[in-house]
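Trainee: Pasting the sequence and the predicted coordinates here, then a few questions.
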Amino acid sequence: MSHGKQFTLYTHLGGPNGWKVAFLLSELGFTYESIYLDFNKQEQKSPEFLKLNPNGRIPAIIDHLNNDFVLWESNAILLYLVERYDKEHKFSAVTDAEKAFQNQWLFFQASGQGPYFGQYFWFTFYHPEKVRSAVERYKKETERVLSVLNDVLSKQEWLVGNKVTIADISFISWNNGAFAAILGPEFPIAEKFPSVYKWHNALISRPAIKSVLDEKAALSK
């Protein structure tokens, strides 16, 4: 293999979806090069990147272990990585039922957490006009998603199979954003959603994930 790293990850410093892929690559022990696209320069819309991802979004990966295989959509990447490389199922479901539940949570993250948290962030901080009804709607949806997670996690430690899987990992970066900025530091996460708070802290305390978060913090200075 001529490439220096096993994977190339096209991502963005502030974009949550790229970091979930970095978390899993770190947990699996792979080497990877992160290429941080500059959204202000519209690098995600450049002809070069659109050849990799016609949707013009991050993340996308190139798997140099698999003939430079290219894939985009973060949860599709998580599934690909565990299906191809996690043969011992350290971070993936084993039984058919567990696989169904794993996919259920990946779809919930992609259709629920990401869009609702993202829209709440957009209408709170970036939308040129203040639309109170939109802010209120997406705040309620953000809290609803957290309440769903909290209810389930009040009865079990992890989302699937009594262990950390890609289902759990898929939620980390958007939750980080929610707790730090979207809901704000004054929001009583620990009191209102104690099971989510405990689960999230257990995930970000894992050495492989913490190392990626430390890298992100260093790059953000």
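Mentor: Great, that's in hand. Keep in mind that this is a model prediction, so the values were computed, not measured.

Trainee: Just the terminal-to-terminal distance for stretch 146-166.
Mentor: 18 Å (C-alpha to C-alpha, to the nearest Å).

Trainee: Sorry, slip of the keys, the one I care about is stretch 103-114.
Mentor: End-to-end distance (C-alpha to C-alpha), stretch 103-114: 15 Å.

Trainee: please begin residue numbering at 36 from this point
Mentor: Noted, 36 is the first residue going forward, which turns the last one into stretch 138-149.

Trainee: tell me the contacts of residue 252?
Mentor: The contact partners of residue 252, by C-beta atoms under 8 Å, 6 or more residues apart in numbering, come to none. For glycine as for every other residue, the C-beta is placed from the backbone atoms N, C-alpha and C.

Trainee: how much space is there between the residue nearest in space to the middle of the chain and residue 233?
Mentor: Here the mean C-alpha position of the chain is nearest to the C-alpha of residue 55 (C-alpha atoms, centre = their mean), at a distance of 3.5 Å. Residue 55 sits 20 Å away from residue 233, going by C-beta to C-beta, to the nearest Å.

Trainee: Please apply the same query to residue 176.
Mentor: 23 Å.

Trainee: cool, and residue 143?
Mentor: As judged by C-beta to C-beta, residue 143 and residue 233 stand 19 Å apart.

Trainee: Comparing these two, which residue is more hemmed in?
Mentor: Taking other C-beta atoms under 10 Å, residue 143 and residue 233 do not tie; residue 143 has more neighbours (18 against 15).

Trainee: nearest spatial neighbour of residue 213, skipping sequence neighbours?
Mentor: Spatial nearest neighbour of residue 213, chain neighbours left out: residue 152 (5.4 Å); criterion: C-beta to C-beta, 6 or more residues apart in numbering.
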